[in-house]
Each structure stands twice: as C-alpha cells, then as structure tokens.
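# just coords:
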C-alpha cells in the first residue's frame, strides 16, 4: 500500500507543498482506516484524519526520518483519535472502561485457511467495535498496527504499564467474545488436568 | 546456603492454574514473552489451555490480517484534507508575510533611531569643539 515515500518526504520537508499533497494521497486511506478503527464512526474518523494531516504538515520539520512516514502518521492519528475520544466521552458519555514453540510464526498459505481467516476477520472487526474505546485503541495500535507499547503509551497519554494492562483486558474480552466456550468449560475435555 | 538449596530442591514446584497460564498466553503467542518450562508442561498436558492457545493464535492472526484491509473513505475526505492544508498554508504565508513586515518596520525604526543618535552626537561634538576654538581665540 505504501510505496517508498522517502523522496516525497524530503521534498515536503524542504517546503514543497505539492509533495506533501502527494504524501496525503498515498497514505490517507490507511490513516482513515486506522482513524475509523479507533473512533468507530465515519464522522469522527474524517475529523481525526484531517486534524492528523494538519498536525503532520505543521510538524514535518520535526520528523527525523528514522521511522517510516506511515508509522509517524499512525502515531499522530492515534494521538488525534485519543483527543477526539476524550472530547466525545465528555459530551456523549461513552463508556470509559479502565480497566513446543508457542509463538505463532506460521503465516498460512492454505486457501481453506484463508477463507476461515476472512470469516474470523469479519467477526473480529465487529467485536473490535464493541470494545470500550480505550481498550480498542490499545489493541488496534498494538495487534493490528504493531506499534510498540512505549509509543502507544505516549500517544494515548498513559503509562506503559497501563497500556499493557489495557491490552491484556482487550485481548481477553475479544477472546471471550469470539470463543465463548472457554468460560463454561462444557466443550472442553480434560478438566482434570487444570493444574498440572 | 547448602541447606537452602536442598530445601528448594525438595520443595515441590507449585502447580500453575489454567487462569495463570491463560493470562500468560497472549504475550507468548505474540512473541513478547517466552513460555517457561512450567507453562510449556502445563499446556502440553491440558486440553483446556491448548484450546485457549489456539484461540489466541487465531485472534492475533486475524488482528494482524486487519492491517492489510483498508476501508474506503467516504467521498470528500481527501478533498477536505487538501482544502484544510491549503488554508493552513495560506494562513502560514500571511503570518510570515506579516511577521516579515513587522521585522522590517522594527528594523527601520531601529536604523532611524541609531541614525538620529549618531547625528545628535555629531552636533554635540561639533558644538563643543567650536566652543573650545572660541575660547582659545578669546584667550
């Protein structure tokens, strides 16, 4: 989705407005998608993405280029979304919930598996929207956009520890929502082996 | 020291509960933490935690897949962003123009003040020198 934007970034930093416009055109769908996933509605996503590009334009001199432009934009978009959600929660009273190799290194190429994944993706996209905004923000930034805990904490204005706690809660809620049989235990055999 | 070690060896290792393992699984699946031997042993012998592991794998894999799935922005989003930037660019240009004019004005005032000071000094110096000449002639 994002081609090499280095040349455009260099030109834009040197004051070339049309180069910045090209950067916007190359990345705005990506940023809009992130904004939508964080805010959960089109109107807020549109405001967030406009605000994010304005901030990026004004702060372009501060972009050192040691990260990818898109990653930098993810952080700005996340920050704008966080501000928008805080404003919204003050006005609309949204819920503010605070609350073997085991590593999965197997990207599947099996078509049947891909179909299953598509089905799972739809379910997950819906389940994400049902999460409280604060939990949704952390899991989207970490598990979808792969931002480090430290950056997530900075952009959302919380501590790294709080970001990890929210991530843990968000994952657990999603897991319970998508695979509910775990809580009743009735479908699972071998309960005798709970504490090995 | 040796007896401590012996006590530790004799003390049975506390069994992990499924809840403890379940809490550790997401970070293990995403690779940020490693499964120690007790967790590995628990998972290989507990069907419930094996199912939990599979669920978290599916969950994290599907979340990663969302990264490559883009939503189509409503019409007008791009033009809105570009119009906003255009406006901000114009405001910035006006601001810099005004600040440039202000700087030129302040600079002009400073130059005029310096010139006036220098002229005043010259007048005073020439008056003083005329006075001395007059005194010498009178003397």
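Sure thing, it's come through. Here the structure is a predicted model, which means the values were calculated and not measured.
# against residue A:160, how distant is residue A:139?
Distance of residue A:139 to residue A:160, computed by C-beta to C-beta, to the nearest Å: 15 Å. Quick note: C-beta positions are derived from backbone N, CA and C, even for glycine.
# more neighbours: the two, which one.
It is residue A:139, of residue A:139 and residue A:160, that has more neighbours when counted by other C-beta atoms under 10 Å in any protein chain shown, with 25 against 14.
# can you pull the contacts of that one?
A:128, A:131, A:166, A:167, A:170, A:171, A:174, B:63 (C-beta atoms under 8 Å, 6 or more residues apart in numbering or on different chains).
# mind giving me the ChimeraX select for those residues, buried ones only?
Buried members of the contacts of residue A:139, defined by 16 or more other C-beta atoms under 10 Å in any protein chain shown, are picked up in ChimeraX with:
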select /A:128,131,166,167,170,171,174 /B:63
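# and the contacts of residue A:139, which is closest to residue B:124?
For those, the residue nearest residue B:124 by C-beta to C-beta is residue A:166; the value is 75.5 Å.
# can you tell me the closest non-neighbouring residue to the closest one?
In this structure, residue A:166 finds its nearest non-sequential neighbour in residue A:138, 4.3 Å apart by C-beta to C-beta, 6 or more residues apart in numbering or on different chains.
# the one you found is in what secondary structure piece?
Take DSSP states H and E as the rule and residue A:138 turns out to sit in helix A:133-139.
# the spatially closest residue to residue B:52 that is not a sequence neighbour: neighbour count?
Leaving out its chain neighbours, the residue that sits closest to residue B:52 by C-beta to C-beta, 6+ apart is residue B:22, at 5.2 Å. Using other C-beta under 10 Å, residue B:22 is surrounded by 18 other residues.
# now name the helix or strand holding residue B:22.
Per DSSP H and E: helix B:18-29 holds residue B:22.
# which residue ranges of chain A form helices?
For chain A, applying DSSP state H gives helices covering A:6-13, A:17-39, A:42-58, A:69-92, A:111-130, A:133-139, A:149-156, A:160-178, A:181-184.
# between the ones you listed, which gets nearest to residue B:84?
helix A:42-58 (5.1 Å).
# pretty sure the residue nearest to residue A:166 contacts residue A:152?
Yes. Shown here, residue A:138 and residue A:152 form a contact pair, counting by C-beta atoms under 8 Å, at 6.0 Å.
# what sits in contact with each of the two?
Common neighbours of residue A:138 and residue A:152, counting by C-beta under 8 Å, 6+ apart, are residue A:163.
# low-confidence ranges in chain A?
Scanning chain A for pLDDT under 70 picks out the ranges A:1-3, A:90-120, A:181-196.
# outline the domain layout of it.
A:1-94, A:110-181 (automatic domain parsing).
# how distant is the shortest one from the center of its chain?
Read it as domain A:110-181. Relative to its parent chain, domain A:110-181 has a centroid offset of 8 Å by C-alpha atoms, centre = their mean, to the nearest Å.
# ditto for the first one
Here the centre of domain A:1-94 is set off from its chain's centre by 13 Å, with C-alpha atoms, centre = their mean.
# where along chain B do the strands fall?
For chain B, applying DSSP state E gives no strands.
# residues near residue 62, how many?
I'll assume chain A. That count, for residue A:62 with other C-beta under 10 Å as the rule, works out to 9.
# you answered for a different chain; I wanted chain B.
Count around residue B:62 with other C-beta under 10 Å applied: 24.
# same check, this time on the one 3 residues further on
If you count neighbours by other C-beta under 10 Å, residue B:65 ends up with 17.
# wait, isn't it in contact with residue A:121?
Yes. The pair residue B:65 and residue A:121 qualifies as a contact (C-beta under 8 Å) at a distance of 5.3 Å.
# now residue A:52: how far from residue A:180?
Distance, residue A:52 to residue A:180, by C-beta to C-beta: 36 Å.
# which one's more surrounded, those two?
Legend: neighbour count by other C-beta under 10 Å for residue A:52 and residue A:180, higher for residue A:52 (25 against 10).
# quick one, what contacts the more buried one?
A:31, A:35, A:73, A:76, A:77, A:79, A:80.
# what residues sit buried inside stretch A:66-83?
Buried-residue list, stretch A:66-83, by 16+ other C-beta under 10 Å: A:69-70, A:72-82.
# swap in stretch B:52-68?
Here stretch B:52-68 shows B:52-53, B:55-67 as buried, counting by 16+ other C-beta under 10 Å.
# and it, how far from the chain's centre?
Using C-alpha atoms, centre = their mean, the offset of stretch B:52-68 from its chain centre is 29 Å.
# also stretch B:65-83?
24 Å.
# so that stretch, near chain A or not?
Yes. Judged by C-beta under 8 Å from any C-beta of the partner chain, stretch B:65-83 and chain A are in contact via B:65-74, B:77-78, B:80-82.
# keep only those of these that are in helices.
Those of the residues of stretch B:65-83 next to chain A lying in helices (DSSP H): B:65, B:66, B:77, B:78, B:80, B:81, B:82.
# do I have it right that the fourth one meets residue A:25?
Yes. With contact defined as C-beta under 8 Å, residue B:78 counts as touching residue A:25 (6.8 Å).
# cool, thanks, talk later.
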